[in-house]
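Student: What would the 3D arrangement of this be:
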Amino acid sequence: MHVTALRRATQTKATAMRSAVVAAAVLTAVTLAQPASAATIRPAAASTCTGWTSSVAPPNTIKVLIHNGSTKVRVDTVAFRTYVQNVLPNEWQAGWAAAALQAGAVASKEYGWYFTMSTGKNGTFNGTCYDVSDNTSSQVYKPGTATAATNAAIDATWGATLDQGTSLIETSYQAPLTGHTSEACGAGLANYPNTLSQWGSQACAVAGDNFQQILSIYYPGTHLVQAGSGSFVSMVRTHSGAGYYLLTSDGSVHPHGSATTFGDAYGQSYFAGQTAVALTLDATGNGYWILSAGGGVYSYGDAQFYGSAAGQSYFAGQTATALTVDAAWTGYWILSSGGGVYGYGAPFFGSAAGQSYFAGQTATALTLDATGNGYWILSNGGGVYSYGDAQFYGSASGQSYFAGQSATALTLDAAGTGYWILSTSGGVFSYSAPFYGSSYGQSYFAARAPPR
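Tutor: Here you go, the predicted structure:
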C-alpha cells in the first residue's frame, strides 16, 4: 500500500470563515458549559518568581497560587507538563476537534511558560512567590482533571512553540471574541487582536484547519517552531529568497525569515519510526513535501500529493535520498540510494540502478538541468551521471583531489551551463561554473568537518 500523505487543509475555508461579520458585543459570562476566559494582565510585579530564562525548553516546574473559591490557600510547585495537562480540559472542551485542542495545547502551554519568564501574573502569598494563579486571572488549573483527549493534544504539540523573532509571546486567549459561542473562525480579531478564541478554534477545526493554521489566524506574524531533537538534514530557501526552511531528521520544520510553516511530521503518529531526509517547496511557495528514508512523501499546505514509494514492492529494501520537482511543477522524482529514479507525475529520463557503472556506489542527489528535460545523479564518490538533455561537465570521481571525500550535493549554476559538487568535508568543486570558495581545510570548519 502507498503511505499516503496526510494533507494539511488549505487556508481557503479559513479565509471564508474569517470574512464573517464581526458582532460588536460584550463577552458573556463564563459558565461550566463553555471554556473559561483569560483575564486582562495585572500590573507587572517587581521580578519574576521561577525566573525561567529559556525560550527553547519549557520550565521544569511552575509555581501556582491555589484558591478555595475566592480565598487564597497556598502556593504549589507543579511539574510543568502536569500543570498544562490540568489546564487544557478546563479551558477547551475535551470533546472538541483534535485541531482545536492542539491549538489550545500550544496556547495554554506557552501562556504558563511565558509567565515563568515574565512579570504580570506573579506575586507572593505568605512569603512564597508564585508565577500564576489557578483561576481566570491567569488560566484555570484544576488538579486531577486531565483527560485522554487533551493529553493526546498536548503530546502531539509539546515540541511546538510560537515566537516572534527569538522571543516567546504571551498567547492570550478567551472564550468567544464576539460574545457568541457560535462565532465563525477568525471573527472578533478586530476587537481582540493577537488573541485566540477558544470557540473560534473549534469553528476553524470544523472548517478543516489544522492547529498550525488556527494559530496563524489568531496570532499573525508569529512563527511556529517545532523543537525536535533530530539532526538537520535539509535547507531550502523560499521562492522570494527572503527566508528558508530547515528540516531535521525527526520531521520537524524550522522556518526562518519570511518562511511560513505549513505543518510538519514531528510527533505525528503517521511518521512514527521514520526518518526525514529532504524537504522540497512546491510551485506556489505555499506548501512543501517532506520525504522519508522509507520513500514516504508527506504534503503540507498547497503541495499536491502525486504518489510515494513507501510500501511498494519495487522499492523494497531501498532508501530514499532525494525528492526533486519536475520543470512543470506537476510531479516529482524520488531518488534511491541505489541510483533508482521513481517518477510521480514527472517524466522518466533514466536511472543508475542496476547499471554496472554504478556498482558499489550510493546516490546522494538528483538535480534538474536548465532545460527541464534531463537531470544528473550524483554518487557519494563524486561521480556525475547525466540523463535526458543534461550535459556532462565533469565529475570528481577518481580524481586525486577528491581522495577520501564524500559528495553530498550537486547544484546547477545560474547560467545553467555548469555545476558545483559539495563534499561532506566542505569542499566545493566547480565544473564549468565559477568558483567562489569553500570551507574545506579552513580552521573555522575543522571542528565541523566529519572524519575522513
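Student: Could you list the low-pLDDT ranges of the chain?
Tutor: Across the chain, the ranges flagged by pLDDT under 70 are 1-46, 165-166, 226-230, 446-452.
Student: top helix in the chain by residue count?
Tutor: helix 98-117 (DSSP state H).
Student: Show me how far that helix is from its chain's centre.
Tutor: Relative to its chain's centre, helix 98-117 lies at 16 Å (Cα atoms, centre = their mean, to the nearest Å).
Student: buried residues in it?
Tutor: Going by neighbour count (16 or more other Cβ atoms under 10 Å), the buried part of helix 98-117 is 99-117. For every residue, glycine as well, the C-beta is placed using N, CA and C.
Student: ok, then the element right after that helix?
Tutor: Heading C-terminal from helix 98-117, the first helix or strand you meet, by DSSP states H and E, is strand 123-125.
Student: Residue 152: neighbour count?
Tutor: Using other Cβ atoms under 10 Å, residue 152 has 15 other residues around it.
Student: buried residues in the helix or strand it falls within?
Tutor: Per DSSP H and E: residue 152 is located in helix 148-157. Buried positions in helix 148-157, judged by neighbour count with 16+ other Cβ under 10 Å: 149-151, 153-154, 156-157.
Student: how about the helices in the stretch 351-452 of the chain?
Tutor: All residues of the stretch 351-452 of the chain lie outside helices when identified by DSSP state H, counting those that start in this stretch.
Student: partner residues bridging the spatially closest residue to residue 390 that is not a sequence neighbour?
Tutor: Using Cβ to Cβ, 6 or more residues apart in numbering and skipping the chain neighbours, the partner closest in space to residue 390 is residue 374 (3.4 Å). Residue 374 forms beta bridges with residue 388, as assigned by DSSP bridges.
Student: was I right about residue 374 contacting residue 387?
Tutor: Yes - using Cβ atoms under 8 Å as the test, residue 374 is close enough to residue 387 to be in contact (5.7 Å).
Student: Please identify every residue contacting each of those two.
Tutor: Contact with both residue 374 and residue 387 is made by residues residue 349, according to Cβ atoms under 8 Å, 6 or more residues apart in numbering.
Student: picking that back up, the residue nearest to residue 390: neighbour count?
Tutor: 19.
Student: returning to that earlier point: list the contacts of the helix holding residue 152.
Tutor: 81, 84-85, 88-89, 92, 94-95, 98, 101-102, 104-106, 109, 211, 267-268.
Student: Closest one to residue 225 out of the buried residues of helix 148-157, please.
Tutor: Taking Cβ to Cβ as the measure, residue 225 lies nearest residue 157 of these, at 11.7 Å.
Student: Next, the residue lying closest to residue 194 once chain neighbours are set aside: phi, psi?
Tutor: Using Cβ to Cβ, 6+ apart and skipping the chain neighbours, the partner closest in space to residue 194 is residue 219 (5.7 Å). Main-chain dihedrals, residue 219, degrees, to the nearest 10: phi -120, psi 70.
Student: just checking, residue 219 touches residue 193?
Tutor: No - between residue 219 and residue 193 there is no contact, the gap being 9.5 Å when judged by Cβ under 8 Å.
Student: Look at those two and report which has more neighbours.
Tutor: For residue 219 versus residue 193, the count of surrounding residues by other Cβ under 10 Å is larger for residue 219: 25 against 12.
Student: any idea how far the more buried one is from residue 358?
Tutor: Using Cβ to Cβ, to the nearest Å, we find residue 219 at a distance of 50 Å from residue 358.
Student: Which residue, other than its chain neighbours, is closest to residue 196?
Tutor: Once flanking residues are discounted, residue 196 sits nearest to residue 173: 3.9 Å by Cβ to Cβ, 6+ apart.
Student: I'd say the one you found and residue 199 touch.
Tutor: No - with contact defined as Cβ under 8 Å, residue 173 and residue 199 do not form a contacting pair (10.4 Å).
Student: Residue 241 - how many residues pack around it?
Tutor: Using other Cβ under 10 Å, residue 241 has 9 neighbouring residues.
Student: Over to the one 5 residues further on?
Tutor: Neighbours of residue 246 under the rule other Cβ under 10 Å: 16.
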